[in-house]
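Asks: coords please:
(4 chains)
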Protein chains: 2
Amino acid sequence: MNVRERRGSARGRILEAAGRRFYADGIASTGIDAITADAGVAKMSLYNNFASKAALVEAYVDARHEEWLGLYRARAALAASPAGLVLAVFDAYIDHAAAAHRQGFRGCGLLNAAAELGADAPARAAVRRHKEEVEGILAEALGGGAQADRAADLSEHLCFLLEGAMARAGLEGQDTRLVRARAIAADMLDRL
Amino acid sequence: MNVRERRGSARGRILEAAGRRFYADGIASTGIDAITADAGVAKMSLYNNFASKAALVEAYVDARHEEWLGLYRARAALAASPAGLVLAVFDAYIDHAAAAHRQGFRGCGLLNAAAELGADAPARAAVRRHKEEVEGILAEALGGGAQADRAADLSEHLCFLLEGAMARAGLEGQDTRLVRARAIAADMLDRL
DNA sequence: GACCCTCGGTAGACTGATCTACCTAGTCTG
DNA sequence: CAGACTAGGTAGATCAGTCTACCGAGGGTC
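Replies: Sure, this is the predicted structure:
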């Protein structure tokens, strides 16, 4: 058993450390040295695995996207009804807040990243696509019950609830707002 | 007529330049030199007016808060009904998007700022208070029509719509989502 | 009207730290 | 032996913040 196996590959440890630092301190104020030191990795290991800091940021955004998908799939697997599938999205957001809470919950990592990326950064477009995918998941989950255009309207409404609650929750450092948004959504689904 | 009168006070021009740069490029990636150059001002003029970059950031956040209040008051003055007062909040957000669109709309400057501020930064708390004030304005506008606890629930719901739509609009660089949120809110008020 | 003084501003050099990115030379392991 | 990784250094830019020396307008005073 060598060091690599014990602690994982250099690339993986860099991504993990970058994930922690980017989320906690922001992207622009996190230096390459801080990441390599956090990961316990040589600086050249970063540049052997990523072309530049911008490429690392893109990988970070992709990783957060995949992470969220994992949280959602776990919740969706437990859902029995279409409404449960919708609420699984809210639960995934709450789970994300709980996971981040250990090191200081500061809102959605992807929205925070987009906030400090220039309007034309590729990673910013990736965040936009992520949020569109969330909306698509909601629309699909709603498709079974209501007619199609009503489902699009409703999924947009639920999306706004979701992102708005996440923004407020991030400012407050706790998930209360997300739990409230879930209750509002459940209420709306009941009335359907 | 001297230079000061022609171009405004150094402090004012610094705040204006910082406002442009912080919003467009983010706070951490905007250097002091870029701001003074943009303002056409000596570096010492910045440090004579602000104790540090952090103090300038706080002034920036305060200025954005005041700016939004101005937009809201202008819209609120035109409102005839309690529902109109509520929709004036949505209109103020749309107006803000329109004003920012000239130089690249990138969402709510205050949320963007909070996204790159550490969890314990004073300016972050100021952003939180700002959003609570927006919610309070909504609650007060709703107070006339419905009973009190219902107004609190509804204002939270509207707040989520507002901030969620702003987050999505910022990612997309246009105000379409905000206009949709306003329509959703109008619909909800109709049903009341 | 001449004088001076204060105040806000200017230009630019400077410090010391930190940034990204690249390089070298050596180590460990399958 | 090859490939991944290490420590540590270096280049060159940029960062926040400080300092000095100077300028000019407005206000008060004699």
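
Asks: near DNA strand C at all, the helix or strand hosting A:Glu140?
Replies: Taking DSSP states H and E as the definition, A:Glu140 sits inside helix A:122-143. No: applying Cβ under 7 Å from any atom of the strand, one finds helix A:122-143 out of contact with DNA strand C, separated by at least 13.7 Å. Using the backbone N, CA and C atoms, a C-beta is placed for each residue, glycine as well.

Asks: neighbours of the residue of chain A found nearest DNA strand C, how many?
Replies: Ranked by Cβ to the nearest atom of the strand, the top residue of chain A for proximity to DNA strand C is A:Gly31, at 2.9 Å. Residue neighbour count, defined by other Cβ atoms under 10 Å in any protein chain shown, stands at 12 for A:Gly31.

Asks: show me how chain A divides into domains.
Replies: A:1-50, A:54-190 (automatic domain parsing).

Asks: and the longest one, how far apart are its ends?
Replies: Domain A:54-190 has its terminal residues 45 Å apart, counting by Cα to Cα, to the nearest Å.

Asks: do it and chain B meet?
Replies: Yes: using Cβ under 8 Å from any Cβ of the partner chain, domain A:54-190 reaches chain B at A:104, A:106-107, A:111-119, A:124, A:127-128, A:131, A:153, A:156-157, A:159-168, A:170-173, A:177, A:180-181, A:184.

Asks: next one: that domain to chain centre, how far?
Replies: Here domain A:54-190 is found 7 Å from its chain centre; the criterion is Cα atoms, centre = their mean, to the nearest Å.

Asks: what helix or strand is A:His96 located in?
Replies: Secondary-structure assignment from DSSP H and E places A:His96 in helix A:82-101.

Asks: out of the domains of chain A, deepest packed?
Replies: The highest mean neighbour count among those, using mean count of other Cβ atoms under 10 Å in any protein chain shown, belongs to domain A:54-190: a mean of 19.

Asks: avg pLDDT for that one?
Replies: What domain A:54-190 shows for mean pLDDT is 94.

Asks: how about that domain against DNA strand D, any contact?
Replies: No: shown here: domain A:54-190 not in contact with DNA strand D (Cβ under 7 Å from any atom of the strand), separated by at least 13.7 Å.

Asks: sorry, back to before: elements contacting the helix holding A:Glu140?
Replies: helix A:53-77, helix A:82-101, helix A:109-115, helix A:148-172, helix B:148-172 (3 or more Cβ pairs under 8 Å, 6 or more residues apart in numbering or on different chains; DSSP states H and E).

Asks: as CSV, those helices with distance to B:Arg75 would be great.
Replies: Below are the helices and strands packed on helix A:122-143 laid out as CSV (distance: least, Cβ to Cβ, whole Å):
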stretch, distance to B:Arg75
helix A:53-77, 36
helix A:82-101, 31
helix A:109-115, 25
helix A:148-172, 20
helix B:148-172, 13
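
Asks: mind putting those into CSV with distance to DNA strand C?
Replies: Output for these, formatted as CSV (distance: least, Cβ to the nearest atom of the strand, whole Å):
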stretch, distance to DNA strand C
helix A:53-77, 4
helix A:82-101, 22
helix A:109-115, 14
helix A:148-172, 23
helix B:148-172, 24
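
Asks: and B:Asn48, which of those helices is closest to it?
Replies: helix A:109-115 (30.4 Å; Cβ to Cβ).

Asks: got a list of what A:Ala18 touches?
Replies: A:30, A:35, A:39, A:56, A:59-60 (Cβ atoms under 8 Å, 6 or more residues apart in numbering or on different chains).

Asks: nearest to chain B among those residues?
Replies: Relative to chain B, the closest of the contacts of A:Ala18 is A:Thr30; by Cβ to the nearest Cβ it sits at 9.2 Å.

Asks: three-state assignment of the closest one?
Replies: coil (DSSP: H, G, I helix; E, B strand; the rest coil).

Asks: my read: it touches A:Gly19, true?
Replies: No: using Cβ atoms under 8 Å as the test, A:Thr30 is too far from A:Gly19 to be in contact (10.6 Å).

Asks: distance of the residue of chain A closest to DNA strand C from A:Ala18?
Replies: As judged by Cβ to Cβ, to the nearest Å, A:Gly31 and A:Ala18 stand 11 Å apart.

Asks: same check on A:Leu161?
Replies: A:Leu161 is 30 Å from A:Ala18, by Cβ to Cβ.

Asks: with A:Arg129 instead?
Replies: A:Arg129 is 21 Å from A:Ala18, where distance means Cβ to Cβ.

Asks: try A:Arg180
Replies: 32 Å.

Asks: ditto for A:Arg73
Replies: The separation that A:Arg73 has from A:Ala18, given Cβ to Cβ, amounts to 24 Å.

Asks: what strand or helix carries the residue nearest to A:Ala10 when sequence neighbours are not counted?
Replies: Nearest residue to A:Ala10 in three dimensions, chain neighbours excluded: A:Ser45, at 4.2 Å (Cβ to Cβ, 6 or more residues apart in numbering or on different chains). Using DSSP H and E, A:Ser45 maps to helix A:43-49.
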